[in-house]
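Peer 1: Here is my input, please return the structure:
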Amino acid sequence: MIKQGRIIYICRVCHRVGQRPLTCHPRASVKCDAGAPGDERSMPLLDKGGRLVTRAPKWWVEACFKSKAKSTKQKVGS
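Peer 2: Numbers count the residues shown, from 1 in each chain. So this is what the prediction gives:
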């Protein structure tokens, strides 16, 4: 179970991080639950073999790349 902890906002354009919705790019902030310190979602992303994929925490990868995948699918389906 994921414990709610640190709520932060990431700008999908410039990847700035803040404790409130950001104003650097209008309507580009994504709300993220970074979990409690030490939470599994705060760990780096590993592949099935246990090799490091990226040093970015899982919550960051989810926040930054899920929205890009959705927008790509929408463009393809249009």
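Peer 1: What are the neighbouring residues in contact with Val13?
Peer 2: With CB atoms under 8 Å, 6 or more residues apart in numbering as the criterion, the residues that contact Val13 are 24-25, 28. No exception for glycine: its C-beta is placed from N, CA and C like everyone else's.
Peer 1: what do you get if the cut-off is 6 Å, keeping everything else the same?
Peer 2: Under the criterion of CB atoms under 6 Å, 6 or more residues apart in numbering, the contact partners of Val13 comprise 25, 28.
Peer 1: Next: the one 10 residues further on.
Peer 2: Thr23 makes contact with no residue under the criterion CB under 6 Å, 6+ apart.
Peer 1: tell me which element the residue nearest the centre of the chain falls in.
Peer 2: With distances taken as CA atoms, centre = their mean, the residue of the chain nearest its centroid is Ala63 (2.2 Å). Counting by DSSP states H and E, the secondary-structure element that holds Ala63 is helix 58-77.
Peer 1: what's the average pLDDT for that helix?
Peer 2: Confidence for helix 58-77, expressed as mean pLDDT, is 60.
Peer 1: Stretch 5-25 too?
Peer 2: 88.
Peer 1: Now do it: distance to the chain's middle.
Peer 2: Using CA atoms, centre = their mean, to the nearest Å, the mean C-alpha position of stretch 5-25 is found 10 Å from that of the whole chain.
Peer 1: Only alpha carbons, please: show it as PDB.
Peer 2: This file holds the C-alpha atoms of stretch 5-25, laid out as PDB (Å, rounded to 0.1, in the frame of the first residue of the first chain):
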ATOM      1  CA  GLY A   5       3.300  11.700   2.000                       C
ATOM      2  CA  ARG A   6       4.900  14.500   0.100                       C
ATOM      3  CA  ILE A   7       2.600  16.100  -2.400                       C
ATOM      4  CA  ILE A   8       4.600  18.000  -5.000                       C
ATOM      5  CA  TYR A   9       3.900  19.500  -8.500                       C
ATOM      6  CA  ILE A  10       6.100  19.000 -11.600                       C
ATOM      7  CA  CYS A  11       6.000  21.200 -14.700                       C
ATOM      8  CA  ARG A  12       5.600  18.900 -17.700                       C
ATOM      9  CA  VAL A  13       7.500  21.400 -19.900                       C
ATOM     10  CA  CYS A  14      10.500  22.500 -17.900                       C
ATOM     11  CA  HIS A  15      10.400  19.800 -15.100                       C
ATOM     12  CA  ARG A  16      10.600  22.400 -12.300                       C
ATOM     13  CA  VAL A  17       9.300  21.100  -8.900                       C
ATOM     14  CA  GLY A  18       7.300  22.900  -6.300                       C
ATOM     15  CA  GLN A  19       5.000  22.500  -3.300                       C
ATOM     16  CA  ARG A  20       2.200  24.400  -5.100                       C
ATOM     17  CA  PRO A  21       1.000  24.400  -8.700                       C
ATOM     18  CA  LEU A  22       3.600  26.100 -10.800                       C
ATOM     19  CA  THR A  23       3.100  29.200 -13.000                       C
ATOM     20  CA  CYS A  24       6.200  28.800 -15.200                       C
ATOM     21  CA  HIS A  25       4.000  27.200 -18.000                       C
END
